[in-house]
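> For reference, the sequence and a predicted model appear below.
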Amino acid sequence: MTQSKETPNTVLTLTLPTPEGGGISPERATATLLIQRGDLAHVRQFHYNGQLADLITAIREATIELGLLEDNPPFIPEAPKALPKAEAKPKPTTKKAAPTPAVEEEPTIDIPLKKGTKMVRISHLKIVGGETDAAAYKQAVLIAGKLIDGGLWDGASPIRIDDVYATMRKMKHLTDGEMGLFTLEDFVSLGDAATQTENGSDEDAETALEPASANGNHPEAQSEQPDLI
């Protein structure tokens, strides 16, 4: 008889901001969730101000994303086999260089497209104005997908969205062919956080596009955002 393979455990790692002065300030209210099962994992950042509902929503959405990843696991090609090397002459003993510290890889988000998905760095997609709740985040992801499908953005350069709902109203009725009549700057701004920091304005400070709590709803988002639950 063959023995069934044991299903690996699901491991959740939460990094939460510590309350100060009786609460968590908005600029610090960002948490990170890592969910892992076997060799596959999903990382997301979300809004957290001490509410249990924020954690429940983040865990539920991360579990769904991990399940989708398991259904369509990424293809990782095997490394080419190294050819046997000829015996080398012994080299004189030299001092070993100090090991280079490993660089932490930046988290990414999956942008749904008409054909598949595309991974984009979190720092390359930001909301700089308007609402920044869960509904606004989902609208920003839809905007990014439409820009990529329309050939205006490749996901490799940072963009900033001033108002996700106003931007979506401008583009939601445009086909991919009609999107080609516009430029990327017609819908979003280009550049990263360093540009805004040099201006020294707190009101215009960029908010990194990170999954917020799904409890934040917007009346315009109900018909435009996909149902992820």
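Nice, thanks for sending it over.
> can you list the domains in this structure?
Here the domain assignment for the chain is 9-73, 108-223, based on automatic domain parsing.
> Return stretch 45-64 as CSV; C-alpha atoms alone will do.
Presented in CSV, the C-alpha positions along stretch 45-64 are these (Å, rounded to 0.1, in the frame of the first residue of the first chain):
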residue,chain,number,x,y,z
GLN,A,45,1.0,44.5,4.0
PHE,A,46,-2.3,45.9,5.4
HIS,A,47,-3.7,48.7,7.5
TYR,A,48,-3.8,47.9,11.2
ASN,A,49,-4.9,50.3,14.0
GLY,A,50,-5.4,47.7,16.8
GLN,A,51,-8.7,46.3,15.5
LEU,A,52,-9.2,42.5,15.5
ALA,A,53,-11.2,42.8,12.3
ASP,A,54,-8.1,44.0,10.4
LEU,A,55,-6.3,40.8,11.3
ILE,A,56,-9.2,38.5,10.4
THR,A,57,-9.6,40.2,7.0
ALA,A,58,-5.9,40.1,6.2
ILE,A,59,-5.6,36.4,7.1
ARG,A,60,-8.7,35.5,5.1
GLU,A,61,-7.4,37.3,2.0
ALA,A,62,-3.9,36.0,2.4
THR,A,63,-5.3,32.4,2.6
ILE,A,64,-7.2,32.9,-0.6
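> Can you give me the buried ones in that stretch?
Of the residues in stretch 45-64, those buried by neighbour count under the rule 16 or more other C-beta atoms under 10 Å are 45-49, 54-55, 57-59, 61-62. For the C-beta atoms, the positions are set from N, CA and C on the backbone; glycine is no exception.
> If I average pLDDT within each of the domains of the chain, which one is lowest?
Here these differ in mean pLDDT, and the lowest is domain 108-223 at a mean of 74.
> any idea how far that domain is from the chain center?
Distance of domain 108-223 from its chain centroid, counting by C-alpha atoms, centre = their mean, to the nearest Å, is 12 Å.
> Please apply the same query to stretch 95-105.
Distance, centroid of stretch 95-105 to centroid of chain: 27 Å (C-alpha atoms, centre = their mean).
> Centroid-wise, who is the farthest residue in the protein?
In the chain, the residue that sits farthest from the middle, by C-alpha atoms, centre = their mean, is K89; the gap is 49.2 Å.
> Mind pulling the model confidence for it?
So, for K89, pLDDT stands at 71.
> Please export the C-alpha coordinates of stretch 90-98 as CSV.
Coordinates of each C-alpha in stretch 90-98 appear next as CSV, following Å, rounded to 0.1, in the frame of the first residue of the first chain:
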residue,chain,number,x,y,z
PRO,A,90,46.3,24.2,-4.8
LYS,A,91,46.3,28.0,-4.4
PRO,A,92,48.2,29.7,-1.6
THR,A,93,46.2,30.3,1.5
THR,A,94,44.6,33.7,1.6
LYS,A,95,42.4,35.5,4.0
LYS,A,96,38.7,34.9,3.5
ALA,A,97,36.6,37.9,2.8
ALA,A,98,33.8,38.7,5.2
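> buried ones in that stretch?
Neighbour counts over stretch 90-98 (16+ other C-beta under 10 Å) mark no residue as buried.
> can I assume E178 sits in a strand?
No. Counting by DSSP: H, G, I helix; E, B strand; the rest coil, E178 is not part of a strand but helix.
> and it, how many residues sit next to it?
By other C-beta atoms under 10 Å, the residues close to E178 number 11.
> Equivalent analysis for P19, please.
13.
> Give the helix, strand or coil label for the closest residue to it other than its chain neighbours.
Spatial nearest neighbour of P19, excluding adjacent residues (C-beta to C-beta, 6 or more residues apart in numbering): G50 at 6.1 Å. The local conformation at G50, judged by three-state DSSP, is coil.
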